[in-house]
Every structure is written in C-alpha cells, then in structure tokens.
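> Give me the fold of what follows.
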Amino acid sequence: MRGRSTTGGDEFVREVDEAVRQDQWLKLWRRYGTWLIAAAATIVVGSALGVGWREYRASQRLDEARAYAAAEQQLRTGQPAAAAKAFAELAEDAHDGFGVLARLRAAEAQAAAKDPAAAAASLAALATGSGVPAPYADLAKLMALQQRFDQTDPQTMLRELEPILASDGPWRQSALELKALAQLKMEDVAAARSTLAELTGQPNLPQALARRASTLLASLGPAPGAGTEPAKPAAGNAPAPAATSANPAVPAADAGVPAGQATN
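Coordinates of the predicted model:
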C-alpha cells in the first residue's frame with residue numbers, strides 16, 4: 001500500500017507540474033505569441049525577398065550584358081552615333097562594372113562620331129565621379145588627355161600626367177608614351193629619348209606599345225656622343241704627357257735614340 005501510495009503521489013506531482021508548465025506556456029503565448037508569429041513571418045518574407053532580389057539582379061545583369069553587346073555590335077559595324085547613345089543610356093541605368101565600362105565605351109563612340117565635347121563630358125564624369133575605382137578614374141583621365149592632345153599645351157599635359165606617372169597603376173606605361181610625345185611636341189628630343197628608353201625597359205610591356213616605343217626611339221637616333229669611343233693608341237705608342245708648367249712637353253725622340261740624347 002505504501003508503495004502504491006508513493007507511486008500515485010509521484011504521478012499527481014508530475015500532473016501538477018505539467019499543468020503548471022502548460023499554464024506558463026499559455027501565459028507566455030498570450031503575451032508574446034503575436035510577436036513570435038510576426039518575427040517568423042519577417043524572416044520568411046526577408047528570405048523570399050532576398051531570393052527574389054538575387055534573381056532580379058541576375059536577370060538585370062543579363063539584360064545589361066545584352067544591351068552592352070548590342071552597343072558593341074553597333075560600334076563595330078560603323079554606327080558610332082547609335083552606339084554612343086546606347087552606351088550612354090546603359091551608363092545611366094547600369095549597376096556595378098557595366099556602368100563604368102559603358103561610360104568608357106560611350107566616350108570612345110562619341111569621339112568616333114566626331115563629338116569631342118560629349119566624349120570629354122563622359123570622361124570627366126567618370127574621372128571625378130564618386131565611388132569610381134581608381135584604375136577606371138585614371139583610365140578616364142588618360143583617355144581625356146589623349147583625345148585633347150593636339151589642343152593642349154605640352155607643359156599642361158606633362159603636369160596632368162604626373163599623378164598617373166607617380167603611381168604604380170596599370171596605365172603608367174601608356175602615360176610614359178604620352179609623356180614622350182608631349183616632350184617631342186616641346187622639341188625636347190633628349191627628354192623624349194630618355195622617357196622612351198625608360199618605357200622600352202619596362203617589364204611586361206604590351207607588344208603593340210613596345211613596338212611603337214622602339215620605333216619612335218630608333219627614329220630619334222642615338223644621343224649626341226653615344227656610340228663613338230675615342231680611338232685607343234696602338235701598343236707601345238702611348239701619347240706624350242700633357243704639357244704643364246711643372247712638366248713642359250718633351251719632344252719626341254728620334255727613332256732608336258734615347259730621349260736624353262736627342263739633338264736639336
């Protein structure tokens with residue numbers, strides 16, 4: 001009897017304990033249930049939006065890639081004005097790298113369409129735009145300098161090239177070529193020769209750029225005095241010492257006669 005009573009008491013205690021826990025859960029649910037449902041819904045909706053946004057961005061990038069390819073085709077087939085318009089529109093609407101590349105190509109197409117003002121505006125927007133990676137901004141500056149080379153004073157050209165030349169960026173070699181051309185425009189052949197020699201000694205120089213630099217350097221000819229060494233005297237015919245106040249010139253001795261026995 002005592003064992004049964006103990007067992008029955010244990011069951012009663014468990015039942016009471018479960019009832020208390022259920023009552024606590026009900027109270028918690030009444031207080032926080034709505035919030036928990038809202039939080040769960042937020043997580044689900046957020047996940048769905050994330051998936052939807054990724055799918056939308058993938059679709060958007062595909063559309064941008066197609067528009068870029070279509071503009072490239074127009075430029076290749078001799079329609080620079082149409083290509084410039086398409087690239088400019090893509091540059092305004094595109095995201096990430098497509099916007100930067102489209103603006104660069106828009107400037108190139110605008111220049112090909114004989115619209116230098118529009119090309120300069122596109123490059124200026126890219127060179128000074130916020131959030132544009134440094135290599136692309138430097139490329140835009142370099143392209144702008146190339147396009148207005150004939151209209152720009154060479155001293156101004158050299159000054160504007162300095163930031164690119166002072167860096168280790170990917171466009172330094174092209175900037176060196178433009179520097180040499182500006183120096184030639186100033187008729188400073190020695191400086192241009194030195195710049196071209198530096199350029200041709202660059203490691204990993206693109207073949208086209210190396211060929212242009214080497215051809216231009218060869219056309220300038222050697223530096224004055226370069227490649228001409230003074231003639232060396234034959235063995236046994238050393239030149240006489242130079243005349244000084246302490247060591248007057250000694251007349252050459254007759255053949256076979258020691259210098260001390262030479263006659264007047």
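
> Surely residue 200 and residue 211 touch.
No: counting by Cβ atoms under 8 Å, residue 200 sits too far from residue 211 to count as a contact (10.0 Å). The way it works is simple: take the backbone N, C-alpha and C, and place the C-beta from them, glycine included.

> In terms of packing, which of these two has more residues around it?
The residue with more neighbours, out of residue 200 and residue 211, is residue 200; 16 against 11, by other Cβ atoms under 10 Å.

> residue contacts, the more buried one?
Contact criterion Cβ atoms under 8 Å, 6 or more residues apart in numbering gives 210, 213-214, 217 as the residues in contact with residue 200.

> Quick one: the strands in the stretch 51-200 of the chain, in order.
Counting by DSSP state E, counting those that start in this stretch, the stretch 51-200 of the chain has no strands at all.

> Put the alpha carbons of stretch 73-81 into CSV.
Output for stretch 73-81, consisting of C-alpha atoms alone and laid out as CSV, is shown next (Å, rounded to 0.1, in the frame of the first residue of the first chain):
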residue,chain,number,x,y,z
GLN,A,73,28.0,45.5,-82.3
GLN,A,74,26.8,48.9,-83.5
LEU,A,75,30.2,50.4,-82.8
ARG,A,76,32.0,47.6,-84.7
THR,A,77,29.7,47.9,-87.7
GLY,A,78,30.3,51.6,-88.2
GLN,A,79,27.4,53.1,-86.3
PRO,A,80,29.3,55.2,-83.7
ALA,A,81,26.4,57.7,-83.1
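
> What separation do you get for residue 201 and residue 108?
Counting by Cβ to Cβ, to the nearest Å, the gap between residue 201 and residue 108 amounts to 30 Å.

> The two - which one has more neighbours?
For residue 201 and residue 108, the more surrounded residue by other Cβ under 10 Å is residue 108, and the numbers stand at 20 against 9.

> dump the residue contacts of the more buried one.
Per Cβ under 8 Å, 6+ apart, neighbours of residue 108: 75, 119, 143.

> got a markdown table for the contacts of residue 200, with pLDDT, secondary structure and neighbour count too?
As requested, the contacts of residue 200 are arranged in a markdown table below (pLDDT from 0 to 100; DSSP: H, G, I helix; E, B strand; the rest coil; neighbours: other Cβ atoms under 10 Å):
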| residue | pLDDT | secondary structure | neighbour count |
| --- | --- | --- | --- |
| 210 | 92 | helix | 15 |
| 213 | 92 | helix | 23 |
| 214 | 93 | helix | 14 |
| 217 | 92 | helix | 18 |
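
> of those, closest to residue 137?
Distance from residue 137 was checked for each of the contacts of residue 200 by Cβ to Cβ. The minimum falls on residue 213, at 24.9 Å.

> Now do residue 168 against residue 198, distance only.
Taking Cβ to Cβ as the measure, residue 168 and residue 198 are separated by 14 Å.

> brain fart, residue 90
Taking Cβ to Cβ as the criterion, residue 90 is separated from residue 198 by 38 Å.

> who's more crowded, those two?
residue 90 (22 against 14).

> need the contact list for that one.
Residues touching residue 90, when contacts are defined by Cβ under 8 Å, 6+ apart, comprise 64, 67-68, 71, 98-99, 102, 106.
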